[in-house]
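Student: no letters, just coordinates:
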């Protein structure tokens, strides 16, 4: 199993789940009322839902490109800027779902041509505040790429739940139902 074999499917399945949650929000809150959810936050000092969605997309882009030693596409900066200004310009659920679809397409395209990554490859991960983490590719994937991605996805899920969208565990693990043994669903 290679690092891209783990990250890409994880990103894709959870981004599809995130898009489905937004679809449920639209279905439960017709007439564009779901768009107001994009400004919702769990706490006053946290980013709104619109930012959480875009930052989840950023994490997916960064993970697959950084592990391949490739430059980030311009779309990463676009997503970052949209996320940073999302409190003032949250956009619509349709916009958010389009960003998710674009990210899935990029992740799938990169994964198709991904090279095996040596787990010991050094990665210097710099943050905007000036901090730099020196990691191996394995540490980066395990300790940064996946946790940061899941953080933003989980916050998005929590915001939607807190705002009354009818979601449950089955929505979070929808990808698991492809593995369900026939005849094992409780009555």
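Tutor: In hand now; what should we look at? Treat the numbers as computed from the prediction; the structure is a model and nothing was measured.
Student: so residue 89 sits in a helix?
Tutor: No: residue state for residue 89 (DSSP: H, G, I helix; E, B strand; the rest coil) corresponds to coil; a helix is not indicated.
Student: which of the helices or strands spans the residue nearest to it when sequence neighbours are not counted?
Tutor: Take residue 89 and drop its neighbours on the chain: the residue closest to it by Cβ to Cβ, 6 or more residues apart in numbering is residue 82, 7.6 Å away. (C-beta placed from N, C-alpha, C; glycine too.) Residue 82 belongs to helix 74-84 when assigned by DSSP states H and E.
Student: what sits up against that helix?
Tutor: Outside helix 74-84, the residues that touch it by Cβ atoms under 8 Å, 6 or more residues apart in numbering are 47, 50-51, 54-55, 57-58, 61-62, 65, 89, 91, 99, 102-103, 106.
Student: model confidence for the residue nearest to the spatial centre of the chain, exactly?
Tutor: The C-alpha lying nearest the average C-alpha coordinate of the chain belongs to residue 56 (Cα atoms, centre = their mean; 3.0 Å). The pLDDT attached to residue 56 in the predicted structure is 97.
Student: for it, pull up the helix or strand it's in.
Tutor: Since the elements are taken from DSSP H and E, residue 56 ends up inside helix 49-67.
Student: residue 114 versus the residue nearest to residue 83 when sequence neighbours are not counted, what's the distance?
Tutor: Counting by Cβ to Cβ, 6+ apart, the nearest residue to residue 83 once its immediate chain neighbours are dropped is residue 54, at 3.7 Å. The gap separating residue 54 from residue 114 is 24 Å, by Cβ to Cβ, to the nearest Å.
Student: more neighbours: these two, which one.
Tutor: Applying other Cβ atoms under 10 Å to residue 54 and residue 114 shows that residue 54 carries more neighbours, namely 27 against 18.
Student: which residues touch the more buried one?
Tutor: Residue 54 makes contact with 79, 80, 82, 83, 86, 96, 99 under the criterion Cβ under 8 Å, 6+ apart.
Student: having no further points to raise, I will conclude here.
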